[in-house]
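Asker: Structure for the following, please:
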Amino acid sequence: MPILRDLSSFSTFPKRVVSLVPSMTESLFDLGMGDFVVGVTDYCVFPPEVKKLPRVGGTKNIQVDHVAQLSPELIIANQEENSRVIVEELADQFAVWLTFPKTVRQMLDDLWQLVYLFRQERSFISLRTLETAVEYAENRVFDLQPLRVFVPIWQDITTSQIRWWMTFNQDTYCHDLIRLLGGTNVFGERLRKYPLAADLGESEETTGEDRDTRYPRVIAEEIIRAEPELILIPDEPYPFREEDIEELQKILASTPAVKQNRVYRIEGSLLTWHGTRLGKALAELSQYFNSD
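Answerer: Predicted structure coming up:
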């Protein structure tokens with residue numbers, strides 16, 4: 001059967017759901033649909049109730065046979081988190097809804113699809129409450145002086161000892177959440193180049209199809225030129241250590257963010273998990289965006 005981009009083909013709600021997306025697993029429970037979840041990934045850790053559910057592998061290495069044993073009526077997947085090969089294999093046997101929100105609005109639309117599918121009263125109330133919080137944040141943005149923000153999500157060093165950091169551009173959910181909080185992503189318009197040497201300005205870029213350009217890798221000089229006023233360092237997907245953060249601050253000592261002591265370590269899921277975790281993100285991350 002074809003991979004679903006929306007849930008309009010379902011006339012009644014599915015009673016057996018396998019979620020391959022940690023943020024959507026949490027959202028299903030938060031919206032009162034947890035009783036219908038029969039399987040999750042190894043990385044689905046919220047809420048605590050998911051600990052009792054069968055596991056079907058990691059988000060990138062789903063065990064198809066384990067999923068099949070659960071006889072799901074609906075599988076929730078994500079284009080970014082799950083491998084294309086596995087999603088297509090699962091779609092040969094089951095209904096697979098493939099999500100890929102790149103903005104807060106698109107994420108809310110996905111959640112509304114679930115709410116209308118399951119039609120639980122609690123779901124309507126919970127999601128409307130979250131949407132009201134987003135509306136408040138949108139109105140609040142107009143009263144803020146946007147801060148220039150840099151968010152490293154990975155780091156590494158080349159064989160020639162050039163250190164680089166990965167970040168994200170405007171074609172991502174993270175970017176739109178930064179906007180909603182009152183920030184301007186300093187690398188919003190930066191495209192990832194291939195190979196790595198081209199991304200770091202050491203060689204010419206090569207052309208190719210189906211390349212994801214949303215996560216550029218930048219070096220210190222480029223970050224310094226961008227003049228970030230706020231640096232947020234998430235604890236995932238890369239597990240930045242205290243010494244990593246200290247070194248980054250030394251390297252970027254000339255930036256407004258470091259000079260003004262506005263470098264903060266944050267819970268990475270608040271920035272990257274698209275779903276009901278947005279409510280917690282708005283409550284906890286907004287404190288860093290006051291321009292005073």
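
Asker: make it CA atoms for all contacts and neighbour counts henceforth
Answerer: OK.

Asker: Where do the strands of the stretch 1-150 of the chain begin and end?
Answerer: Using DSSP state E, counting those that start in this stretch, the strands of the stretch 1-150 of the chain run over 17-19, 37-40, 74-78, 96-99, 147-150.

Asker: Mind giving me the packing neighbours of the first one?
Answerer: Just to be clear, that refers to strand 17-19. strand 37-40, strand 74-78 (3 or more CA pairs under 8 Å, 6 or more residues apart in numbering; DSSP states H and E).

Asker: Tell me who's in contact with Gln120.
Answerer: Neighbour list for Gln120: 32-33 [criterion: CA atoms under 8 Å, 6 or more residues apart in numbering].

Asker: One more: the one 10 residues further on?
Answerer: If a contact means CA under 8 Å, 6+ apart, then Leu130 has 276, 278-279 as its contacts.

Asker: For the helix ranked longest in the chain, what is the distance to the chain centroid?
Answerer: Scanning the chain for the helix with the most residues, using DSSP state H, yields helix 121-141. Here helix 121-141 is found 19 Å from its chain centre; the criterion is CA atoms, centre = their mean, to the nearest Å.

Asker: That helix: which residues count as buried?
Answerer: In terms of neighbour count (16 or more other CA atoms under 10 Å), helix 121-141 has its buried residues at 123-124, 127, 130-131, 134, 137.

Asker: do stretch 100-107 as well
Answerer: So for stretch 100-107, counting by 16+ other CA under 10 Å, buried means 100-104, 107.

Asker: go on, stretch 222-230?
Answerer: For stretch 222-230, the neighbour count (16+ other CA under 10 Å) marks 223, 226-230 as buried.

Asker: Mind listing the residues bridging to Trp164?
Answerer: Beta-bridge partners for Trp164, by DSSP bridges, are Asp156, Ile219.

Asker: I'd say it and Val218 touch.
Answerer: Yes. Proximity of Trp164 to Val218 meets the contact threshold set by CA atoms under 8 Å, at 5.4 Å.

Asker: Touching both of those two, which residues are there?
Answerer: In contact with both Trp164 and Val218: Leu200, using CA under 8 Å, 6+ apart.

Asker: Poorly predicted segments of this structure, please.
Answerer: Applying pLDDT under 70 to the chain flags residues 291-292.

Asker: Next one: Trp97 relative to Tyr116, how far apart?
Answerer: Taking CA to CA, to the nearest Å as the measure, Trp97 falls 15 Å from Tyr116.

Asker: Which of the two has more residues huddled nearby?
Answerer: Trp97 (21 against 15; other CA atoms under 10 Å).

Asker: quick revisit: out of the strands of the stretch 1-150 of the chain, which one sits most buried?
Answerer: Ranked by mean neighbour count, these are led by strand 17-19 with a mean of 27 (mean count of other CA atoms under 10 Å).

Asker: residues in contact with the closest residue to Asp6 other than its chain neighbours?
Answerer: Using CA to CA, 6 or more residues apart in numbering and skipping the chain neighbours, the partner closest in space to Asp6 is Trp97 (6.7 Å). Contacts for Trp97 (CA under 8 Å, 6+ apart) come out as 3-7, 74-77.
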